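# sequence plus predicted model, see below.
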Amino acid sequence: MRYISTRGGVEPISFSEAVMMGLATDGGLLLPETIPSVDADTLKRWAGLSFQELAVEVMLSYVGDDIDREELTGLIERSYASFAHEEITPLVKVGDMHILELFHGPTAAFKDVALQFLGNLFELLLERNGGRLNILGATSGDTGSAAIYGVRGQKLIDIFILHPHQRVSPIQERQMTTVLDDNVHNIAIKGTFDDGQSIVKQLFNDLEFKDEYSLGAVNSINWARILAQVVYYFYAWGRVTEGNPKRRLTFSVPTGNFGDIFAGYIAKRMGLPVEQLVLATNRNDILSRFVNSGVYEALDVHHTVSPSMDIQISSNFERYLYYLMDEDAAKVRELMEGMARDGRMEVSEEKQQRVRKLFQARAVGETETLEQIRATYRYSKYILDPHTAVGVKAAEGIPGAVCLATAHPAKFGDAVKQAIGVEAEPPPSLQGLMEKETRCALLDADGDVIKNFMQQTLADR
């Protein structure tokens with residue numbers, strides 16, 4: 001399996017090279033040259049596998065000759081050993097839908113599914129090939145802590161995580177800043193998540209700096225993260241349908257950066273029987289506006305009770321755009337350059353129809369989000385976090401839908417208490433965080449400032 005860029009400027013590279021490159025050197029995102037297909041017999045067989053066994057089967061064709069089955073099996077076993085539930089991503093029936101709980105990892109968020117794997121993958125590749133890695137990432141709340149927990153204490157890796165100052169939940173902030181390992185460097189920027197994401201892309205596009213400091217990516221611009229997330233779509237389908245290839249499911253996905261729902265899109269392209277993907281956003285609705293109008297346009301970022309989706313520029317949208325443009329890299333490059341210049345792009349009516357054939361989209365407001373938490377608790381005693389509540393509300397009227405639960409409700413105690421009057425009981429991994437020592441630098445949202453901080457920090461190491 002070889003990997004190419006959405007913008008066509010990278011010669012095909014191996015899986016290992018794609019993982020270490022992160023953002024493509026031409027500014028695009030990396031994708032496999034071909035998407036493996038899965039037939040009905042394989043679907044039936046996969047439906048009876050454990051999560052770990054399924055992960056091996058799903059990932060094997062994507063890693064090519066870089067990692068053999070035995071090595072991949074060991075990597076996956078290590079990655080999910082820290083999860084608190086034996087099923088890794090269990091399904092819970094709530095009313096007439098299924099909730100796919102993705103929050104049983106060490107930081108109680110869905111990002112753990114991918115980032116525990118990616119952290120171990122980085123370690124494997126570095127030990128095999130030598131060298132060091134300096135990870136640079138931006139977070140709207142959960143990616144940062146999941147990435148930090150994936151690589152904390154590793155001798156060959158330093159990690160720098162940017163988060164928007166006072167725009168993540170108190171628990172999310174403490175999960176990052178209470179990790180005091182020498183290789184962990186937290187930076188609060190005076191700006192939004194989009195500012196942080198822009199800085200990350202700026203520094204990755206500074207090829208001299210990227211090469212000199214061996215930058216690595218943990219944001220969902222790294223293909224390995226998408227790959228790990230594909231697994232739980234197959235897992236959920238197998239558990240709900242018991243392997244009946246005639247059963248098609250609709251998945252509702254709360255999303256801001258398009259990575260989680262793009263993994264569902266890849267699963268469908270592989271042959272998973274998906275009826276529709278419900279794209280659920282909060283009032284930061286660039287993605288839902290695109291699905292419903294064909295216009296992709298960045299507006300102001302609004303702070304909400306579901307802060308991990310407070311995003312206006314969605315990194316993984318470019319990957320979907322590549323397929324929507326029939327794998328025409330030159331057209332993708334033209335559209336992305338226009339987006340950078342004008343702050344908007346628009347696709348044809350024919351393309352809009354293709355989008356709406358698979359995706360249904362809904363933006364859910366603050367009042368609706370809190371009411372959904374309240375209503376679900378009232379009839380089932382099940383507590384939704386505000387992001388999952390957005391997904392549940394967006395799937396209203398679709399019986400049997402599977403909604404992805406992206407975080408444990410205890411991570412957003414204020415919103416939950418506002419909705420139902422009590423906070424969710426925190427899992428052991430979240431207890432005592434507010435009393436721990438913290439370490440974090442507060443810096444301007446400026447690429448040169450972040451670059452200088454990284455250089456100075458690494459010089460002092």
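Nice, thanks for sending it over.
# what ranges does the stretch 101-250 of the chain have for its helices?
Read by DSSP state H, counting those that start in this stretch, the stretch 101-250 of the chain holds these helices, from start to end of the chain: 111-129, 142-151, 170-177, 193-205, 207-212, 223-241.
# and the third one, what does it pack onto?
Put plainly, it is helix 170-177. Packed against helix 170-177, as judged by 3 or more CB pairs under 8 Å, 6 or more residues apart in numbering; DSSP states H and E, are the following elements: helix 142-151, strand 157-164, strand 184-190. Glycine gets a C-beta too; all of them are placed from N, C-alpha and C.
# and Pro254, its phi and psi?
phi -70, psi 130 (degrees, to the nearest 10).
# excluding its backbone neighbours, what's nearest it?
On the basis of CB to CB, 6 or more residues apart in numbering, the spatially nearest residue to Pro254 that is not a chain neighbour turns out to be Gly391, at 4.0 Å.
# got the contact list for the closest residue to Gly365 other than its chain neighbours?
Closest residue to Gly365 in three dimensions, ignoring its sequence neighbours and counting by CB to CB, 6+ apart: Arg283, at 5.9 Å. When contacts are counted by CB atoms under 8 Å, 6 or more residues apart in numbering, Arg283 is found next to 302, 304, 363, 365-366.
# by neighbours, which of those wins?
Counting neighbours by other CB atoms under 10 Å, Thr304 leads the contacts of Arg283 with 21 neighbours.
# part of a strand, is it?
No: the assignment for Thr304 (DSSP: H, G, I helix; E, B strand; the rest coil) gives coil, which keeps it out of a strand.
# can you tell me how far the residue lying closest to it once chain neighbours are set aside is from Asp310?
Of all residues not flanking Thr304 in the chain, Asn282 sits nearest, at 4.8 Å (CB to CB, 6+ apart). As for Asn282, its distance to Asp310 is 7 Å (criterion: CB to CB, to the nearest Å).
# ok, these two, which is more surrounded?
Set side by side, Asn282 and Asp310 show more neighbours around Asn282, with 27 against 23, by other CB under 10 Å.
# related to what we said a few turns ago, to Ala410, which of the helices of the stretch 101-250 of the chain lies closest?
Go through the helices of the stretch 101-250 of the chain one by one with CB to CB and the one that ends up closest to Ala410 is helix 170-177, at 7.2 Å.
# that closest one: how far from the chain's middle?
18 Å (CA atoms, centre = their mean, to the nearest Å).
# and for stretch 297-305?
On CA atoms, centre = their mean, the centre of stretch 297-305 falls 19 Å from that of its chain.
# what does it contact?
167, 192-194, 282-284, 286, 289, 310-313, 343-345, 366, 369-370, 386, 412, 414-415, 418.
# which residues in the stretch 201-350 of the chain form strands?
Counting by DSSP state E, counting those that start in this stretch, the segments of the stretch 201-350 of the chain that form strands are 215-217, 249-254, 274-281, 295-297, 344-346.
# let me have these in JSON lines, extended by mean pLDDT, distance to Arg7 and mean neighbour count.
Formatted as JSON lines, these follow (pLDDT from 0 to 100; distance: least, CB to CB, whole Å; neighbours: other CB atoms under 10 Å):
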{"stretch": "strand 215-217", "mean pLDDT": "90", "distance to Arg7": "16", "mean neighbour count": "25"}
{"stretch": "strand 249-254", "mean pLDDT": "98", "distance to Arg7": "26", "mean neighbour count": "26"}
{"stretch": "strand 274-281", "mean pLDDT": "97", "distance to Arg7": "24", "mean neighbour count": "24"}
{"stretch": "strand 295-297", "mean pLDDT": "96", "distance to Arg7": "17", "mean neighbour count": "16"}
{"stretch": "strand 344-346", "mean pLDDT": "95", "distance to Arg7": "14", "mean neighbour count": "16"}
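# show me which of the contacts of stretch 297-305 are buried.
Members of the contacts of stretch 297-305 that pass the buried threshold by neighbour count (16 or more other CB atoms under 10 Å) are listed as 167, 192-194, 282-284, 286, 289, 310-313, 345, 366, 369-370, 386, 412, 415.
# what are the bridge partners for the nearest residue to Gly338 once chain neighbours are set aside, then?
Nearest residue to Gly338, sequence neighbours excluded (CB to CB, 6+ apart): Met345, at 5.6 Å. Counting by DSSP bridges, Met345 forms beta bridges with Tyr296.
# close enough to count as contact, Met345 and Tyr296?
Yes: using CB atoms under 8 Å as the test, Met345 is close enough to Tyr296 to be in contact (4.9 Å).
# overlap of the contact sets of those two?
Both Met345 and Tyr296 are in contact with Met339, where contact means CB under 8 Å, 6+ apart.
# quick one: low-confidence residue ranges for the stretch 151-300 of the chain.
Scanning the stretch 151-300 of the chain for pLDDT under 70 picks out nothing.
# which strand or helix spans the residue nearest to Gln418 when sequence neighbours are not counted?
The shortest distance from Gln418 to any non-neighbouring residue, by CB to CB, 6+ apart, is to Leu370 (6.1 Å). Here Leu370 is covered by helix 366-380, with elements defined by DSSP states H and E.
# give me the buried positions along that helix.
If you call a residue buried by 16+ other CB under 10 Å, then helix 366-380 has these buried ones: 366, 368-370, 372-377.
# contacts only, for Tyr382.
If a contact means CB under 8 Å, 6+ apart, then Tyr382 has 92, 94, 99, 376 as its contacts.
# could you redo the last one with a cut-off of 7 Å?
If a contact means CB atoms under 7 Å, 6 or more residues apart in numbering, then Tyr382 has 94, 376 as its contacts.
# okay, now the residue nearest to Pro254: neighbour count?
32.
# got the phi and psi for the residue nearest to Gly365?
According to degrees, to the nearest 10, the main-chain angles of Arg283 amount to phi -70, psi -10.
# do a quick rundown of the strands in the stretch 351-461 of the chain.
For the stretch 351-461 of the chain, strands defined by DSSP E, counting those that start in this stretch occupy the ranges 359-363, 402-405, 441-444.
# avg pLDDT for the longest one?
Regarding strand 359-363, the rounded mean pLDDT is 97.
# can you spell out which helices and strands pack onto that strand?
Under the contact criterion of 3 or more CB pairs under 7 Å, 6 or more residues apart in numbering; DSSP states H and E, strand 359-363 touches strand 274-281, helix 286-293.
# distance to Asn205 added to these, as TSV?
TSV is the format used below for the helices and strands packed on strand 359-363 (distance: least, CB to CB, whole Å):
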stretch	distance to Asn205
strand 274-281	27
helix 286-293	22
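# and of those, who's closest to Lys44?
strand 274-281 (16.6 Å).
# partners of that closest one, with directions?
strand 249-254 (parallel), strand 359-363 (parallel).
# out of those, which is closest to Glu11?
Nearest to Glu11 among the strands paired with strand 274-281 is strand 359-363; the distance by CB to CB comes to 32.1 Å.
# between helix 286-293 and that closest one, find me the angle.
Between the axis of strand 359-363 and that of helix 286-293 there is an angle of 120 degrees, by axes from the mean of the first three to the mean of the last three CA atoms, to 10 degrees.
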